[in-house]
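Participant: Got a sequence here, can you build the structure:
(chains A and B)
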Amino acid sequence: MTDRNNHPLSRDALPGLGARYAAERRFERYGKIAVIFSLAFLTFLIGAIAIKGAGAFVKTEMRLEVTKELVTTYAEDDFTLLRKVILHNFSDAQGRSGRKEAYNMIAVGAEEALADALIDDVPEISEMPATFDLWLPASDDVDMANKAGLTQETLARASPQAAQWLQELSDDGRLKKTFNTGFLINGDSRDPERAGIGGAFIGSLFTLFVCLVLSFTIGIFAAIYLEEFAPRNKLTAFLEVNINNLATVPSIIFGLLGLAVFLNYFGLPRSSSLAGGMVLSLMTLPTIIIASRVSLQAVPPSIKEAALAIGTSRIQAVFHHMLPLAMPGMLTGTILGMARALGETAPLMMIGMVAFIADAPGSFTDPATALPVQVYLWADSPERAFAEKTAGAILVLLFFLVLMNLTAIILRKKLEKKW
Amino acid sequence: MSIQQYIQAPARSVEKPKIRASSVCVSYGDREVLHNIDLDILPRRITALIGPSGCGKSTFLRCINRMNDLISSCKITGEISLDGANIYDKKVDVEVLRRRIGMVFQKPNPFPKSIYDNVAYGIKLHGLTSRKEELDQKVEKSLRRAGLWDEVSDRLGASGTSLSGGQQQRLCIARAIAIEPDVILMDEPCSALDPIATARIEGLLHELKKKYTIVIVTHSMQQAARVSDYTAFFHLGDLVEKGDTETVFTNPKDNRTEAYITGRIG
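Facilitator: Here you go, the predicted structure:
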């Protein structure tokens, strides 16, 4: 048994080895710290948004007592009926300001919900009971206070009268939380209770569709031409440099270009998803062209030679043999480009998609807005209830971004061919 | 010279060459890689192009079916004719030319499609048949000629890339002969294969030469000696020596040829 220090193959036999190992360990530690930091930030960010945004998917409803007498008296006017129903339930509301406070307990526009409920949930007038209960959407202030759990702090924000009512309602079990379908299907609204991302979502779909059709076809054909047919000269080299540079141009520049060319010169409708999609395709084209060229380059030249040697024309060699092999890479690049387009706000603002648009677009030329723009709009709104709507919209946006990136990864794994 | 050879010799000399190259010079940019090549390739014979790496033999082979057209810096002067027609004439369509002159590459390169589609692709491409049964027959015939049918007849739908290296190369040969060319060019077809697969391909060449004119580039002098009827020795862009394989190998006139085949250079 030799002493470790004297062994000819021990670490000490090579001077400086200890320091090299230490450097290696240090480097590994730095790497781990960096990864932990980025993970922590990511968790913090998404966690914060998720906590804030979860409330957007839930809304508070309030149980109100309705009498047959009220329904028959005010059958013609839903708005008045709602007010009478509210006063019936908050009978201790005193004076003008008291009544106003009572009205403010129920969501703006709840008369529609009331009218719907009377048709769907309650028997015909002839068989209607003298009194019955209905659940109606609560106002954003009640909603927020209820979701926060009626603490001293939230109650203090309301007026004494409203705080008292809230406490009573809660104690009587007349408040409940339900899933907020309206958030997913409604269009934008000035009232947070009614605002939803449905319109923005449809707008995003329309915009992305235009963007996909344009940038995928143009991008792939441009890539094939540049890679396979373009003569190798100064002009081609110049084009290539420019395409690569375009990929890094700030997106707002593309927005300005779209404003000047598509809207002012060609006169496309303002705020339309057609113009939006065209602007976004300007932005995604360089990405798609670069990804497509890289995947064409990755096709082994032997396949192309084999095809040409059999007597295919160059176009046949590309379309029959190279394109199928390059397609997974092209699709991945396209989906990543689309994901970037989905999250883009600035260029859409330039062409007017930032306007307040309450209805979902019905065609490509209708005024539309998009998810990220909706986030921007809500983030700017003064009502406190919009804060959770903003976070909720961000969650939906993030969900679709993750979904698209996941699709890209799965597609690449699935379609990858070995040769 | 044996009596048999003596009898055959005059007959060969009057035979019209399938491919004739006269004063062919090839340059990449400013660099000339082939100088003044004159070579006749006789029909239904195997002509081997041998020589050390970088001697220009593959370049010459690729001039015959104009694969060098793909390289924009490549310039060719002189004339190569197929059955007396200049293949670099303006009226020549390379697709037609390559339909007549097939090629097998160094590395087996089947398409990532099924075995059947690999062979059927060229037939369909050139519209050689429109009926399914006829297509099946042609595919089978090509695979049989390439000596692959017995091994793959039960799995024609399998991917061509799933075969072994030797089988892949025979599939490439089947693909090349499926469109019934006159000439088959082979660019070191066995360099990526093991000795057993090589022996199979060499045996196949003897069968194929009954029907096709074959030009084979090879690094292996033994292979050239085994399979070819004629040999052309290239060195640094010059065609140093050409003639009967036996003569070139047993009685080389040029001392560079002798140095190469005895293993002193190359």
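Participant: Now do the SS call for residue 249.
Facilitator: No chain specified, so I'll use chain A. When classified by DSSP: H, G, I helix; E, B strand; the rest coil, A:Val249 comes out as coil.
Participant: Quick check: which element contains residue 141?
Facilitator: No chain was given, so I picked chain A. A:Asp141 belongs to helix A:140-148 when assigned by DSSP states H and E.
Participant: think we crossed wires, I meant chain B
Facilitator: B:Lys141 belongs to helix B:132-145 when elements are defined using DSSP H and E.
Participant: For that helix, give the mean pLDDT please.
Facilitator: Helix B:132-145 carries an average pLDDT of 94.
Participant: buried stuff in it?
Facilitator: B:Leu135, B:Lys138, B:Val139, B:Glu140, B:Lys141, B:Ser142, B:Leu143, B:Arg145 (16 or more other Cβ atoms under 10 Å in any protein chain shown). C-beta here means a position set from N, CA and C on the backbone, and glycine is covered the same way.
Participant: Need those residues in TSV (columns: distance to B:Ile41).
Facilitator: Below are the buried residues of helix B:132-145 laid out as TSV (distance: Cβ to Cβ, whole Å):
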residue	distance to B:Ile41
B:Leu135	31
B:Lys138	27
B:Val139	29
B:Glu140	30
B:Lys141	25
B:Ser142	23
B:Leu143	27
B:Arg145	21
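Participant: and which of those residues is nearest to chain A?
Facilitator: Nearest to chain A out of the buried residues of helix B:132-145 is B:Ser142 (Cβ to the nearest Cβ; 12.2 Å).
Participant: In contact with A:Ile185, which residues?
Facilitator: If you count contacts by Cβ atoms under 8 Å, 6 or more residues apart in numbering or on different chains, A:Ile185 has them with A:Gly196, A:Gly198.
Participant: how close does it get to A:Ala56?
Facilitator: 13 Å (Cβ to Cβ, to the nearest Å).
Participant: What of B:Ile261?
Facilitator: Per Cβ to Cβ, B:Ile261 is found 84 Å from A:Ala56.
Participant: ok, the two, which is more surrounded?
Facilitator: A direct count of neighbours by other Cβ atoms under 10 Å in any protein chain shown for B:Ile261 and A:Ala56 places A:Ala56 higher, at 28 against 21.
Participant: Quick check: closest non-adjacent residue to the more buried one.
Facilitator: In space, A:Ala56 comes closest to A:Gly392 once its chain neighbours are excluded; the distance is 2.6 Å by Cβ to Cβ, 6 or more residues apart in numbering or on different chains.
Participant: three-state assignment of that neighbour?
Facilitator: Under three-state DSSP, A:Gly392 falls in the helix class.
Participant: surely it meets A:Phe183?
Facilitator: Yes: in this structure, A:Gly392 is within contact of A:Phe183 by Cβ atoms under 8 Å, at 6.2 Å.
Participant: intersection of neighbour lists for the two?
Facilitator: Contact criterion Cβ under 8 Å, 6+ apart; residues shared by A:Gly392 and A:Phe183: A:Ala56, A:Phe57, A:Ile197.
Participant: Let me see the domain layout of chain A.
Facilitator: Following automatic domain parsing, chain A resolves into domains at A:4-54, A:59-185, A:198-415.
Participant: near chain B, which residues of chain A?
Facilitator: Within chain A, the positions near chain B by Cβ under 8 Å from any Cβ of the partner chain are A:231-232, A:300, A:302-303, A:305-313, A:316, A:320-321, A:324-325, A:417-419.
Participant: Quick check: the most centrally placed residue in chain B vs B:Glu207, distance?
Facilitator: With distances taken as Cα atoms, centre = their mean, B:Leu185 lies nearest the centre of chain B, 2.0 Å away. Between B:Leu185 and B:Glu207 the computed distance is 17 Å (Cβ to Cβ).
Participant: Just the closest residue of the stretch 151-300 of chain A to chain B, please.
Facilitator: For the stretch 151-300 of chain A, Cβ to the nearest Cβ, closest residue to chain B: A:Arg232, 6.0 Å.
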